[in-house]
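Participant: Here's a sequence, model it:
(one chain, ligands or ions: 1)
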Amino acid sequence: MEELLKSLDPALELLDERIEEGSIELHVKRNTLKETCPYCGEESGSVHSVHRKRIHDLPVQEKLLTLVLERRIFFCKNPQCKHKTFIEELHFIDGKCARRTKRLDERIRDIALKMSARSAKKVVNSGLTVISDDTILRILKKTESM
Ligand SMILES: [Zn+2]
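Facilitator: Now for the predicted structure:
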């Protein structure tokens with residue numbers, strides 16, 4: 001599991017794991033002491049708050065994998081900066097609100113490009129993850145705009 005996490009982000013640390021019959025939940029956090037404010041570039045080590053974020057990743061041993069991430073929001077201490085807080089950046093998801101890892105989205109896209117959305121949904125939902133037609137279409141649309 002550790003290796004799987006490191007391949008997503010070397011800073012990820014495993015806090016707890018829950019293995020059920022068809023699913024695995026990994027509770028993780030990033031173990032960096034400081035993060036850089038994306039607005040002004042100054043580093044900060046002072047945590048404002050922590051939020052739980054659920055992110056779906058590729059299955060492991062045919063079990064659906066979900067990361068439960070303790071995602072931190074930092075204070076920016078730079079008086080010149082217009083932002084008082086910033087959220088730590090995650091390179092393995094696309095954008096702030098993504099609920100799936102990039103590598104899971106890529107796998108879904110590969111499947112969806114080869115068949116109709118309806119067949120893709122069947123294939124994707126039989127073991128890869130649980131998503132709707134709309135999500136598949138959204139992933140495909142994102143590909144077109146790249
Ligand atoms: Zn700043």
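Participant: which secondary structure element contains the residue lying closest to residue 63 once chain neighbours are set aside?
Facilitator: Of all residues beyond its chain neighbours, the one nearest residue 63 is residue 24 (4.8 Å), with distances taken as CB to CB, 6 or more residues apart in numbering. C-betas here are computed from N, CA, C, even on glycine. Using DSSP states H and E, residue 24 maps to strand 23-30.
Participant: same check, this time on residue 143
Facilitator: Counting by DSSP H and E, residue 143 is part of helix 133-144.
Participant: Buried residues of that helix, list them for me.
Facilitator: By 16 or more other CB atoms under 10 Å, the buried positions in helix 133-144 come out as 135, 136, 139.
Participant: right, and out of those, which lies closest to residue 101?
Facilitator: residue 139 (12.3 Å; CB to CB).
Participant: Could I get the contacting residues of that closest one?
Facilitator: Counting by CB atoms under 8 Å, 6 or more residues apart in numbering, residue 139 touches 105, 108, 109, 112.
Participant: Residues in a beta bridge with the closest residue to residue 16 other than its chain neighbours, which ones?
Facilitator: Nearest non-adjacent residue to residue 16, counting by CB to CB, 6+ apart: residue 27, 4.0 Å away. When bridges are called by DSSP bridges, residue 27 pairs up with residue 16, residue 68.
Participant: and residue 27, how far is that from residue 14?
Facilitator: According to CB to CB, to the nearest Å, residue 27 and residue 14 sit 7 Å apart.
Participant: go on, residue 7?
Facilitator: Separation of residue 7 from residue 14 (CB to CB): 13 Å.
Participant: Check residue 21 too.
Facilitator: 21 Å.
Participant: of the two, who's got more company?
Facilitator: Neighbour comparison, residue 21 and residue 14: the larger count goes to residue 14, with 15 against 5 (by other CB atoms under 10 Å).
Participant: That one contacts residue 4, correct?
Facilitator: No - the pair residue 14 / residue 4 is not scored as a contact, 9.5 Å apart, by CB atoms under 8 Å.
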